[in-house]
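[1] Give me a 3D structure for the following:
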Amino acid sequence: MWLNAKQVSGAAIEGYRKSLFGACPNHIVIDSLFNDVKLCELLRVLEEPTQWKSQKHTYSALYVNNAQWQETSSDQRFVQRDVWRHEAARTNNLSSNVARNFLLFLRGEQFLSVLSRIFNVRLTDINVADPEINTNYFRLGVNDFVKLHADDSPGRRVCMLLYLNKAWSDSIGGELVFLGKGDEPIRIEPLYNRCVLFDPASKGSEHWVEELSSGNTNMYRYNVTSWYWSE
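    Below you'll find the predicted structure:
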């Protein structure tokens, strides 16, 4: 079982829903949602350096190559990070199976049902052309960044972030920051087994990630990101 049963009880779901719709942006933070033993096994896979590749986005185009990146001014670059290589994991040793299986679980009926109950909307991949690219692992180092942006693509109803960073502290950086309401941004530390769920169309849901402090040259910030659509 990937989920901690007590965190998805009927009472827990009701509490999440109440908190979600009372917050600006509509978001909740759930700690210890997933099975710790299985996440530790997963983290060992993610720490293997060969299963990552660079990913870059600009405000005008996603998945740009190095030539396009160099032609883009720094103020128009909004994402530089590493993404987990699905294709390499399929042909690698069996240890990668736990990572692939977790991604499949996050798009499976059980987890979609949990999210649907929290957000009070039916989520489905029936109209999603390529569900696999909408759920993956990412890591950020000291030279990487995720600048202010919105995730409100048409029909997208839920965004999920799960953090996999042990022994993290606020001195390292890497906080998720929602624009929030007025001059009150919401800062969330990327702590291990902390799940953030939010409605990308809600007010104040624009967000960025604080860069890692320069002294952490050998450290990475790991997370899973998953986007979901309704019918």
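
[2] Stretch 143-155 spans what distance, first to last residue?
    Using Cα to Cα, to the nearest Å, the end-to-end distance of stretch 143-155 comes to 33 Å.

[3] what's in contact with that stretch?
    Contacting residues not belonging to stretch 143-155 are listed as 59, 77-82, 127, 140, 159, 179, 200-201, 205-209, 211-212, 227, 229-230 [Cβ atoms under 8 Å, 6 or more residues apart in numbering]. From N, CA and C alone the C-beta is placed, and that goes for glycine too.

[4] what sits against the residue nearest in space to the middle of the chain?
    Relative to the mean C-alpha position of the chain, the nearest C-alpha, by Cα atoms, centre = their mean, is the one of residue 225, at 2.4 Å. By Cβ under 8 Å, 6+ apart, the residues touching residue 225 are 135-136, 138, 159-161.

[5] returning to that earlier point: please pick the buried ones from the contacts of stretch 143-155.
    Among the contacts of stretch 143-155, those that count as buried by neighbour count (16 or more other Cβ atoms under 10 Å) are 77-82, 140, 159, 179, 200-201, 205-209, 211-212, 227, 229.

[6] which sections of this structure are below the confidence cut-off?
    Under the criterion pLDDT under 70, the flagged ranges of the chain are 88-95.

[7] just the helices in it please.
    Counting by DSSP state H, residue ranges of the helices within the chain are 10-21, 36-46, 66-70, 86-91, 97-106, 109-119.
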